[in-house]
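J.: Fold the following and give me the result.
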Amino acid sequence: MLKRWNRAAVVVATGLMIVVSGNPASAAVDKGAKTQDLIMSVRGAGPYRIGATLQRLTAAGLVVDPAPIPGCDGIIVAGATGVWAGNILLTFRSNRLRVIETATDAVRSRSGAMVGMSFAELEQIYGRRGHLIHNSAGRVGYVVRVGNRAELFTDHPFRSGVGAFQVGPHRLLVRQFLLGGC
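T.: Purely as a prediction, here's the structure:
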């Protein structure tokens with residue numbers, strides 16, 4: 001459980017670094033997010049493809065503020081640039097992009113699902129393609145499997161409905177949600 005809290009602290013810290021960094025890419029977050037259609041799927045988000053290397057994305061100027069997660073060997077979180085800055089968090093395992101996460105309603109799935117919706121709305125959108133899951137901490141998630149990858153919508157700790165939307169390998173997302181840890 002401690003590792004899960006470490007991840008949350010790094011996510012919050014990284015988000016704060018992106019917002020206050022003065023990075024020109026992050027300065028355009030609000031404008032870009034409102035004028036562009038930001039779609040995230042099991043393949044990735046914009047130029048951020050699941051499986052891409054941290055080195056390639058960094059060399060292309062697509063990654064800011066990479067930071068290791070304390071206690072989680074080989075895991076690095078980073079922010080995005082351009083219209084994606086402040087809208088997604090990138091998680092790399094063994095230098096490969098494995099999970100993309102958002103906690104904003106500026107990003108939606110190809111089916112139109114996004115943060116802020118109720119789980120009933122997700123069930124209307126996905127029907128039999130998705131299902132609810134619950135972990136031992138009482139949290140609720142809604143998972144939509146697509147091959148060996150998935151979209152995972154998780155609850156918000158303070159209000160009802162979806163608080164986060166993640167894409168990545170099905171096994172990894174579900175295991176982290178159900179068991180916590182890295």
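J.: Verify the stated contact: Phe119 with Arg139.
T.: No. Between Phe119 and Arg139 there is no contact under Cβ atoms under 8 Å: 11.8 Å. All C-beta spots, glycine's among them, are computed from the backbone N, C-alpha and C.
J.: hey, what's in contact with both of the two?
T.: Counting by Cβ atoms under 8 Å, 6 or more residues apart in numbering, the residues touching both Phe119 and Arg139 are Asp155.
J.: Let's see the pLDDT reported for Arg159.
T.: Arg159 carries a pLDDT value of 84.
J.: Report the secondary structure state of it.
T.: coil (DSSP: H, G, I helix; E, B strand; the rest coil).
J.: That one and Thr104: what is the separation?
T.: From Arg159 across to Thr104, the span is 14 Å (Cβ to Cβ, to the nearest Å).
J.: ditto for Trp84
T.: On the measure of Cβ to Cβ, Trp84 and Thr104 end up 11 Å apart.
J.: More neighbours: these two, which one.
T.: A count of neighbours by other Cβ atoms under 10 Å puts Trp84 above the other of Trp84 and Thr104, at 26 against 16.
J.: So the more buried one is in contact with Ala45, correct?
T.: Yes. With contact defined as Cβ under 8 Å, Trp84 counts as touching Ala45 (6.5 Å).
J.: Overlap of the contact sets of those two?
T.: Joint contacts of Trp84 and Ala45 (Cβ under 8 Å, 6+ apart) are Leu38.
J.: Confirm for me that Gly147 is in contact with Ser41.
T.: No. Taking Cβ under 8 Å as the definition, Gly147 is not a contact partner of Ser41, at 11.6 Å.
J.: These two: who's more crowded?
T.: Ser41 (15 against 8).
J.: May I have the beta-bridge partners of the more buried one?
T.: Gly44 (DSSP bridges).
J.: Helices along this protein, start to end?
T.: 2-20, 24-27, 29-35, 54-59, 119-126, 170-179 (DSSP state H).
J.: List the contacts of the closest residue to Gly161 other than its chain neighbours.
T.: Among residues not flanking Gly161 along the chain, Ser118 sits closest, at 4.8 Å (Cβ to Cβ, 6 or more residues apart in numbering). For Ser118, the contact set (Cβ under 8 Å, 6+ apart) comprises Ser160, Gly161, Val162.
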